[in-house]
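Chemist: Sequence unavailable; structure follows:
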Ligand code: HEC
């Protein structure tokens, strides 16, 4: 019984580190710039700054952020981030700034990948 509990806990830890939640990714990567609005980054919670971004739409905004936009480095500068991880962090930030988005489903991820490949500055996993 004790062994089972240990196995379960270890299993939970490894899935947790394999795929970070949007909030974790935000805290460890994106908040470095987006919490304070560094270098012109849209500050989380600034609904005015986010309003026009949210209107661009989740698919487009996520794909373009993943590729990098002006002072925004591709994948927020964390090369190992996957598209679903990056997209979840975008959802977390947008929802703190006036959006009501959900993490993208497979169909939306596919559209994002197509847009990323088209610009072809970054590979989408
Ligand atoms: C080194 C600083 C920095 C980090 C780290 C960073 N960003 Fe940004 N981000 C920026 C800046 C600066 C902009 C504004 C770019 C512009 O419009 O000129 C931006 C813009 C964006 C946009 C709007 C893109 C658009 O189409 O206008 C999104 C979405 C975004 N970031 C998501 C993220 C996510 C998600 C992370 C974490 C995985 C992240 N950023 C990490 C600096 C950063």
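Modeler: Received the coordinates, thanks. Nothing here was measured: the structure is a model prediction, and the numbers come from that model.
Chemist: ok, residue 54 - contacts?
Modeler: 61, 94, 97, 98, 99 (CB atoms under 8 Å, 6 or more residues apart in numbering). Quick note: C-beta positions are derived from backbone N, CA and C, even for glycine.
Chemist: can you rerun that using 6 Å?
Modeler: Contact partners of residue 54, counting by CB atoms under 6 Å, 6 or more residues apart in numbering, are 94, 99.
Chemist: Kindly provide the distance from it to residue 95.
Modeler: 10 Å (CB to CB, to the nearest Å).
Chemist: Over to residue 25?
Modeler: For residue 25, the distance to residue 95 - CB to CB - is 14 Å.
Chemist: again, but for residue 31
Modeler: 15 Å.
Chemist: Kindly report the same for residue 108.
Modeler: 16 Å.
Chemist: Please apply the same query to residue 65.
Modeler: 15 Å.
Chemist: Who has more neighbours out of those two?
Modeler: residue 65 (21 against 16; other CB atoms under 10 Å).
Chemist: who in the protein is up against the ligand?
Modeler: 25, 29-30, 32-34, 38-42, 53, 61, 64-65, 69-73, 76-77, 81, 86, 89-90 (CB under 6 Å from any ligand atom).
Chemist: Show the buried residues in those.
Modeler: 25, 29-30, 33-34, 41-42, 53, 61, 64-65, 72, 76, 81, 86, 89-90 (16 or more other CB atoms under 10 Å).
Chemist: Which ones among those residues map onto strands?
Modeler: Among these, the subset assigned to strands under DSSP state E is empty.
Chemist: So what's the residue count around residue 100?
Modeler: 8.
Chemist: and it, helix, strand or coil?
Modeler: Look at residue 100: counting by DSSP: H, G, I helix; E, B strand; the rest coil, its state is coil.
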